[in-house]
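> sequence and predicted model, in that order:
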Amino acid sequence: MGIFTNENGSHFICYIENHSQLDIFITHYPTNMKITIKRLFAFSLFLITALHFSFAHAGEGAFGWIYTLDLQPKGKLEFEQRLQLNQQQASGTYNAWTSRTELEYGLTNDLQIAGYINSYYTDASQNYTNPEACGDSATCTGGYGVPSSHDPSTPYRKSGIEGGSLEAIYRISNPVTSPVGVGLYLEPTWGRNKDELEAPYFCSRTSLMIV
């Protein structure tokens, strides 16, 4: 994870996991953030190095998403685009893109709401080696993003809208002005593959948390 901070405390985060999983966050930040050549070069070097190791190995993600108590001020909007790529399984071809398009809004200085549109693109072929799914065949097409009703002997390629999510974050105390930051988080999701409800409670001595 790379964190680059300007003089006013604003930060840009790039999180790349070393398991053929690439997570990219594209967010609008304050216009007074100064990007120097030295800082840009350092970030580019970090990104190239992380990508090299990220695509060299296969596996599942070991970490969750990064949450923050650095909320939008009252009446302010922010757009965020999150892209995730999972690829390279035991055999064959597997490329699974997931996208979350988010719009955040500050209801108050301590309460932020957001709405997401979740979309996907899956390209899989003979990537699975699970005997229960493949039967007598050594490999078959399956895994996350491939419906159980799909014929495992044939390739699968499809894109579309997965579903949507709503989000609310309430900041009880600010980690910048208080010894400990405390917040409540609620996110219901409705989708093609799953419906779920996230409701963690978190605290931190900084404005960043990994849940």
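Done, it's in. Residues are numbered from 1 along each chain as shown.
> for N118, grab the count of nearby residues.
Neighbour count for N118, taken as other CB atoms under 10 Å: 20. From N, CA and C alone the C-beta is placed, and that goes for glycine too.
> how about G191?
14.
> next up, the contacts around L197.
Residues in contact with L197 (CB atoms under 8 Å, 6 or more residues apart in numbering) are 186-189.
> list the helices and strands the top strand by length along the chain packs on?
Using DSSP state E to define each element, the chain has its longest strand at strand 156-173. If you count contacts as 3 or more CB pairs under 8 Å, 6 or more residues apart in numbering; DSSP states H and E, strand 156-173 packs onto strand 93-108, strand 111-125, strand 181-191.
> show me what counts as buried in it.
The neighbour-count criterion (16 or more other CB atoms under 10 Å) identifies 156, 162-163, 165, 167, 169-171 as the buried residues of strand 156-173.
> same check, this time on stretch 94-111
For stretch 94-111, burial by neighbour count (16+ other CB under 10 Å) applies to 94-100, 102, 104, 106, 110-111.
> what's the closest of these to T139?
Relative to T139, the closest of the buried residues of stretch 94-111 is Y94; by CB to CB it sits at 11.2 Å.
> I'd guessed the closest one sits against T129; true?
No: with contact defined as CB atoms under 8 Å, Y94 does not count as touching T129 (11.6 Å).
> give me the below-cutoff pLDDT ranges for the chain.
By pLDDT under 70, the low-scoring segments of the chain are 1-66, 202, 204-211.
> ok, now with 90
1-70, 81-91, 128-136, 142-149, 173-182, 191-194, 198-211 (pLDDT under 90).
> now do the contacts for the closest residue to V182 other than its chain neighbours.
Spatially, and ignoring its direct neighbours in sequence, V182 is nearest to I172 (4.2 Å; CB to CB, 6 or more residues apart in numbering). With contacts defined as CB under 8 Å, 6+ apart, I172 is in contact with 110, 182-184.
> show me the contact partners of stretch 105-114.
71-78, 102-104, 166-172, 174.
> just the CA trace of stretch 177-185, in CSV.
Coordinates of each C-alpha in stretch 177-185 appear next as CSV, following Å, rounded to 0.1, in the frame of the first residue of the first chain:
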residue,chain,number,x,y,z
THR,A,177,-8.9,16.1,16.9
SER,A,178,-9.5,13.3,19.4
PRO,A,179,-7.1,10.6,20.8
VAL,A,180,-9.1,7.9,19.1
GLY,A,181,-11.4,8.0,16.1
VAL,A,182,-14.6,6.0,16.4
GLY,A,183,-17.1,5.4,13.6
LEU,A,184,-20.1,3.3,12.6
TYR,A,185,-20.5,1.9,9.1
